[in-house]
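1. sequence first, then the predicted structure, then my questions.
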Number of protein chains: 2
Amino acid sequence: MTHTADSPTRPLRRDAARNRSLLLDAGREVFAARGLEATLDEIAHHAGVGVGTAYRHFANKQELAAAIFADDFEQLVESANAALEVEDPWEALVGFVESTIEKQAEDRGLHDLIMAGTMGDQSLHVDGKFETVREALFEPVTALVERAKKNGCLRADASATDIAAILLMMGTTFAASDAVGRPVWKRYLWLLLDGLRNSQCGKLPEAAFSVDELDAALAAMKKH
Amino acid sequence: MTHTADSPTRPLRRDAARNRSLLLDAGREVFAARGLEATLDEIAHHAGVGVGTAYRHFANKQELAAAIFADDFEQLVESANAALEVEDPWEALVGFVESTIEKQAEDRGLHDLIMAGTMGDQSLHVDGKFETVREALFEPVTALVERAKKNGCLRADASATDIAAILLMMGTTFAASDAVGRPVWKRYLWLLLDGLRNSQCGKLPEAAFSVDELDAALAAMKKH
DNA sequence: AGTAAACGGAGTACTTCTCTCCGAATCCAG
DNA sequence: CTGGATTCGGAGAGAAGTACTCCGTTTACT
């Protein structure tokens, strides 16, 4: 059932290799725009190849997603560990959270995957050590949170899982941002971060929804 | 197509009247637990009547939902207007937001409906004046927000639509709270409210997710 | 007791998505 | 340049879920 290269298979025929990379590119685009609910059929069509072709290269959507997102996962973990090197503890935490969320805002597939943890039964080994990104992120994020608390910028009753909860909540604002055509999610991330902060904050970035925008956003979300 | 009483119809037969109210009760329960995605078939079964019976009483799910939620809508608008009478402007705003969200946490159908605004093409006239709750709430909520800003407790750059955005974000935490068996949503509402506040805040209510709880919550959300 | 009203739930008619099958097109080795 | 292996393409089979109807049976009312 494993169609992807693992044992020393003979090199792919030229058309096969081309189609494989077309599929990966299309997958990146479509997943980014529509999240993991996108169909393999849809991606195949977007890549300009037949569905059959898609299914020969990737047994299913999960396998394609795993191939596409493996790198992003590693990067995410790296950036969490990198954040620990940042001098200011509050900057370190906020910088990591912001950049992570920005990535997800640009790629709804990434967000879906992070939240789901796994793709069906497919385990997405990160770093060869962890089953899920969440697992791999737990330690560095806990460290970031503890450090920020000690420094005094982060409220004392905050917890690492609060960061996960924030990611979760931000999800809904991504869809709304798409509908509205500007990154409203930034505003609400700041609101949450201001809630997490001890000292007092700056101005919120991004204007609030206008009433029309809000209507548009909610209407768009109705269409599942 | 209108099965519900409007023109001077003859009184319902006893069994019909009983079943109608069984359906309304079952609808309340099922919608509350599973949101609007629940099926009329499901509700009929829960009420202990056949599907056919359900469809004779209510042409479709929308009509049943309209019958069930009309009152809640009126109440919501009333409570917003009542909040304007509360002395302390910050208390008034927070009290309204909190109670509104609590209602939605207890009734996922209500939350779905408020966010959707309409049920398909069915317009859910509120108060006989407005098409949607959101429309009816707009004025009082704007007033609450402005008042809280003048008083100085609410940050100056807040807007009435921010309240809607908060409702939107809270949605995800409801499902998580169900999965975890305690109202974690309260914690995150406070976090958001603390972000909205000018002065400094108290302790967060509710503990953060434990790691296990977070896993359980996200797993539960995966199942659509 | 007779008739109109209401019941029940199997069944039809979608829709949506995943994945297969196989004749046609394409590659590449000799 | 040709023949056999490989890959392509996309109609369509199959599974799953939902919305709603139809009509033989049961129940209520007079």
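-> On my side now, so go ahead. Residues are numbered from 1 along each chain as shown, chains lettered A, B, ... in the order given.

2. may I ask which helix or strand encompasses the closest residue to A:V184 other than its chain neighbours?
-> Leaving aside its chain neighbours, A:V184 sits nearest to A:S177 (4.9 Å; criterion: Cβ to Cβ, 6 or more residues apart in numbering or on different chains). Using the backbone N, CA and C atoms, a C-beta is placed for each residue, glycine as well. Using DSSP states H and E, A:S177 maps to helix A:160-180.

3. next one: that helix to chain centre, how far?
-> Put simply, helix A:160-180 sits 10 Å off its chain's centre (Cα atoms, centre = their mean, to the nearest Å).

4. give the next helix or strand downstream of it.
-> Sequence-wise, the next helix or strand downstream of helix A:160-180 (DSSP H and E) is helix A:185-196.

5. now the helix-or-strand element of chain A with minimal mean pLDDT: buried residues?
-> Within chain A, no helix or strand scores below helix A:211-222, which has a mean of 77 by mean pLDDT, DSSP states H and E. Within helix A:211-222, the residues that qualify as buried by neighbour count (16 or more other Cβ atoms under 10 Å in any protein chain shown) are A:211, A:213-218, A:221.

6. next one: stretch A:82-102
-> For stretch A:82-102, burial by neighbour count (16+ other Cβ under 10 Å) applies to A:83-84, A:86, A:89-90, A:92-97, A:100-101.

7. and the helices in chain A?
-> A:14-34, A:40-47, A:51-57, A:61-83, A:89-106, A:108-116, A:133-151, A:160-180, A:185-196, A:211-222 (DSSP state H).

8. of these, which is nearest B:G52?
-> helix A:211-222 (29.1 Å; Cβ to Cβ).

9. next, the angle helix B:108-116 makes with the closest one.
-> 130 degrees (axes from the mean of the first three to the mean of the last three Cα atoms, to 10 degrees).

10. helix A:211-222 vs helix B:160-180, what angle?
-> Angular relation of helix A:211-222 and helix B:160-180 on a 0 to 180 degree scale: 30 degrees, by the same axes, to 10 degrees.

11. how far does helix A:211-222 sit from its chain's centre?
-> Worked out by Cα atoms, centre = their mean, helix A:211-222 lies 23 Å from the chain centre.

12. if I look at the residue in chain A that DNA strand D sits nearest to, how far off is A:L76?
-> Proximity of chain A to DNA strand D (Cβ to the nearest atom of the strand) peaks at A:G52, 1.7 Å away. According to Cβ to Cβ, to the nearest Å, A:G52 stands 34 Å off from A:L76.

13. who's more crowded, the two?
-> A:L76 (23 against 9; other Cβ atoms under 10 Å in any protein chain shown).

14. residue contacts, the more buried one?
-> By Cβ atoms under 8 Å, 6 or more residues apart in numbering or on different chains, the residues touching A:L76 are A:100, A:103, A:114, A:133, A:137.

15. what about it, distance to A:P89?
-> Counting by Cβ to Cβ, the gap from A:L76 to A:P89 is 20 Å.

16. alright, I will stop here.
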